[in-house]
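Chemist: pasting the sequence and the predicted model now:
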Amino acid sequence: MNVLTQVFQTSYNAAPFAQIKNEEYHPAFVANIEKARAEIQAITQNPAVPTFENTIEALEFSGQALDRLSSIFFNLNSAETNDEIQKIAQEVSPLLTAFSNDISLNETLFARVKAVYDQRDKLNLTAEQATLLDKKFKGFSRNGALLAETEKAQLREIDAELAKCKLTFGENVLAETNNYQLHITNEKDLTGLPADAKEMAHALAKSKGLEGYVFTLDFPSYLPFVTYVENRELRKELAIAAGKKAFQGNEFDNRELVKRIVALRHQRAQLLGYDSHAQFVLEERMAQSPEKVQTFLRDLLAKAKPAAQRDFAQLHAFAQELDGIATLEKWDSAYYSEKLKQKLFSVDDELLKPYFKLENVLQGAYTIAEKLFGIHFREIHTVDKYHTDVQTFEVLDAEQNLVALFYTDFFPRKGKRNGAWMTSYKPQYIQNGEQERPHVSIVCNFTPPTETKPSLLTFNEVTTLFHEFGHALHGMLANTTYPSLSGTSVFWDFVELPSQVMENWCYEPEALALFAKHYETGEIIPQTYVTKIKESASFLEGMATLRQLSFGLLDMAYHAKAQEISEVKLFEKAALEETALFPDVAENCMSVSFSHIFQGGYSSGYYSYKWAEVLDADAFAYFQEKGIFNPEVANKFKEHVLSKGGTEAPMTLYKRFRGQEPQPEALLKRAGLL
């Protein structure tokens, strides 16, 4: 009996990780696709006149078993993969793409959806129902339902190839990350490196049967090295290794894949009647058009570039004065930034880390969520985990009702991709009067504990945890009827608001007092350190803003118009010319490991980080005005933003919370760019 084709017999209907065998995935996908196909057939063969209930709602709730299976499988492919799972992913992705196309190109089904859509003004729908109807109609019209048969066949081929290309892109980046190590035997080469980073590198070497120290391209290993190691040649070696992932002319080279993905996306957009992939994507975003995104990015660029150039000149002068550095290179950036920050603010990660023990920071996030939104977290040991690092929590409201099931997974390992993300194993929705609560997860790659110390986070890791926790709250506090409108199922340039707004509490003395306690003495972080954290928050912000803008502009360069990309490196260099501060590194190319846009969902959407920063700065200004734990403001944010998902237009929801449209001045003021 295949557990993946049955109703789960588990507490909370949680994913039965311990019972799943890899060989069960492929047959389960085949079986669940057939089940979903039968549910679609029941809609198309219904003799009754199409109604919202028998067509739109029926379609919304079809394929639930398949959706659940997909969320389990593809989440594990990101967090706990292996060769076998990657092989299965390559096999099942074309099946899923084909099935998705079968739905969006099903003429009988579209005719029923269109019949309901054409009567929408007479149906007396709620705002959420109207949004769902619009989304379902566009799901067809934007995915080929209006095409001729030959064009539909073309679309199927494009989608199948795109799905495979994106998977292979991600596999290549992971392989390149895993294939590199810097092995150092002479401890003198590590002068400047903090003791705990050294201890971690020694433990890693030992686990590989090597003497000395091993460093990898995983962030908790890479970042301390390029930030603290005095040996400039070794920093250069590691930085270049990171920058040439999938750019080495080997079997994992992603250059041809980048060109192919860009070409396929453009073909697809044109087939559907759009000028470009960006135009297709942005039609369903707050920004609405490539022109508006370009204007937004360029306005910010005009304000940030002078500040970035001042920052760069200051950093270069400092490096010259300190070490006679004639040309500031990319591998100098983190090192001299840290040294300058220490000089200006007498604060650094090594000073702060003892106050940020992972367990305390996590508990702090929970306490802040309880103060703001009235929920509390209780660790449980009654549900399966996919790895021993994972912890599971019940999230309960004041009446002890289940709000969500929550998984956390914090440390790097071989089968896990780099970065940090929030995801879900089960969405929230209401069906047949039953409230189904979500299963939410956050996955990070933080500094792991060593033999002598617990996991002590850098301040950047603290803000990352709060960021992903903000996404998690968006998922956990969802209260909508339909799963496809629930939680983080919102316009892409709105999805970063809850995550980015949560980061603000990391800078507030009142919030820090709840969790920033020395792991040995229990002493609360001194007020002088808190002041320095706040003062240094906008340190080199011009450079940081320019870097983010460069990624957004590169994304738009690839996707906003038809491209003839003869050489990826040259194309990238031209796109980044206006934002370049450091000399180019010939061996490096960022595009070939830019997973956000070539594997994840951020193509034509990378600008949304900055877009959401405008929203978050404006939203937090409201909290600051009324008090950062003000129950009235928190409740408004919960009611109008967190719980509503994608049920209405984002700006409508935002204005209900804030009473006005966001003002960009709040961001410019916070970033010190005014």
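Modeler: Ah, there it is. Numbers count the residues shown, from 1 in each chain.

Chemist: what residue, apart from its backbone neighbours, is nearest H277 spatially?
Modeler: R265 (4.0 Å; C-beta to C-beta, 6 or more residues apart in numbering). Where you see a C-beta, it was placed from the backbone N, CA and C, and this is true even at glycine.

Chemist: next helix or strand past the strand or helix carrying the one you found?
Modeler: Assigned by DSSP states H and E, R265 falls within helix 255-271. Following helix 255-271 in sequence order, the next helix or strand is helix 277-282 (DSSP H and E).

Chemist: run a quick neighbour tally on the residue nearest to H277.
Modeler: 24 (other C-beta atoms under 10 Å).

Chemist: measure it to L271 for me?
Modeler: Per C-beta to C-beta, to the nearest Å, R265 is found 11 Å from L271.

Chemist: for stretch 378-385, how far is the first residue from the last?
Modeler: 16 Å (C-alpha to C-alpha, to the nearest Å).

Chemist: mind giving me the packing neighbours of the helix holding R265?
Modeler: Packing contacts for helix 255-271, counted by 3 or more C-beta pairs under 8 Å, 6 or more residues apart in numbering; DSSP states H and E, involve helix 149-179, helix 277-282, helix 541-559, helix 568-576, helix 595-598.

Chemist: just how off-centre is the lengthiest helix in the chain within its chain?
Modeler: Counting by DSSP state H, the longest helix found in the chain is helix 290-323. Distance of helix 290-323 from the chain centroid (C-alpha atoms, centre = their mean, to the nearest Å) equals 25 Å.

Chemist: report all helices and strands that it contacts.
Modeler: Using 3+ C-beta pairs under 8 Å, 6+ apart, helix 290-323 sits against helix 277-282, helix 330-345, helix 541-559, helix 608-626.

Chemist: among these, which is nearest E171?
Modeler: Checking the helices and strands packed on helix 290-323 against E171 by C-beta to C-beta gives helix 541-559 as the closest, at 20.5 Å.

Chemist: pull out the buried positions in the helix holding R265.
Modeler: Residues of helix 255-271 classed as buried: 255, 257-262, 264-269, 271 (neighbour count, 16 or more other C-beta atoms under 10 Å).

Chemist: list just the nearest of those to L223.
Modeler: Checking the buried residues of helix 255-271 one by one against L223 (C-beta to C-beta), the nearest turns out to be V258, at 25.6 Å.

Chemist: could I get the helices and strands packed on helix 255-271 as CSV with mean neighbour count, distance to L109 and mean pLDDT?
Modeler: Shown next, in CSV, are the helices and strands packed on helix 255-271 (neighbours: other C-beta atoms under 10 Å; distance: least, C-beta to C-beta, whole Å; pLDDT from 0 to 100):
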stretch, mean neighbour count, distance to L109, mean pLDDT
helix 149-179, 18, 13, 96
helix 277-282, 25, 22, 97
helix 541-559, 22, 30, 97
helix 568-576, 17, 40, 97
helix 595-598, 21, 31, 95
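
Chemist: which one of these lies nearest to G364?
Modeler: helix 541-559 (24.4 Å).

Chemist: now that closest one against helix 290-323, angle please.
Modeler: Per axes from the mean of the first three to the mean of the last three C-alpha atoms, to 10 degrees, the angle that helix 541-559 makes with helix 290-323 is 140 degrees.

Chemist: which helices and strands does helix 541-559 pack with?
Modeler: Using 3+ C-beta pairs under 8 Å, 6+ apart, helix 541-559 sits against helix 255-271, helix 277-282, helix 290-323, helix 568-576, helix 595-598, helix 608-626.

Chemist: of all these, which lies closest to A145?
Modeler: Closest to A145 of the helices and strands packed on helix 541-559 is helix 255-271 (C-beta to C-beta; 12.5 Å).

Chemist: which strand in this protein has the most residues?
Modeler: Ranked by residue count and defined by DSSP state E, the top strand of the chain is strand 402-409.

Chemist: list the buried residues in that strand.
Modeler: For strand 402-409, the neighbour count (16+ other C-beta under 10 Å) marks V403, A404, L405, F406, Y407, T408, D409 as buried.

Chemist: again, but for stretch 23-40
Modeler: E24, Y25, A28, F29, A31, N32, I33, A36, R37, E39, I40.

Chemist: what is the orientation angle of the helix or strand hosting S93 with helix 149-179?
Modeler: Element membership for S93 (DSSP H and E) is helix 83-104. Inter-element angle recorded for helix 83-104 and helix 149-179: 160 degrees (by the same axes, to 10 degrees).

Chemist: dump helix 83-104 to CSV, keeping only the CA atoms.
Modeler: These are the backbone C-alpha positions of helix 83-104, laid out as CSV (Å, rounded to 0.1, in the frame of the first residue of the first chain):
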residue,chain,number,x,y,z
ASP,A,83,20.5,11.7,-6.4
GLU,A,84,17.4,9.5,-6.3
ILE,A,85,15.0,12.3,-5.5
GLN,A,86,16.6,14.6,-8.2
LYS,A,87,16.1,11.8,-10.7
ILE,A,88,12.5,11.4,-9.7
ALA,A,89,12.0,15.2,-10.0
GLN,A,90,13.3,15.1,-13.6
GLU,A,91,10.8,12.2,-14.3
VAL,A,92,7.7,13.7,-12.7
SER,A,93,8.1,17.4,-13.7
PRO,A,94,7.1,16.7,-17.3
LEU,A,95,4.1,14.7,-16.1
LEU,A,96,3.0,17.6,-13.9
THR,A,97,3.6,20.2,-16.6
ALA,A,98,1.6,18.1,-19.1
PHE,A,99,-1.3,17.7,-16.6
SER,A,100,-1.3,21.4,-15.9
ASN,A,101,-1.4,22.1,-19.6
ASP,A,102,-4.2,19.5,-20.0
ILE,A,103,-6.3,21.6,-17.6
SER,A,104,-5.4,25.1,-19.0
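
Chemist: show the average pLDDT along it.
Modeler: Helix 83-104 comes out with an average pLDDT of 95.

Chemist: how close does F620 sit to C506?
Modeler: Taking C-beta to C-beta, one finds F620 at 11 Å from C506.

Chemist: typo on my end, it should be L282
Modeler: From L282 to C506 the distance is 31 Å (C-beta to C-beta).

Chemist: now do D275
Modeler: 41 Å.

Chemist: who's in contact with L372?
Modeler: For L372, the contacting residues are F629, P631, A634, F637, K638, by C-beta atoms under 8 Å, 6 or more residues apart in numbering.
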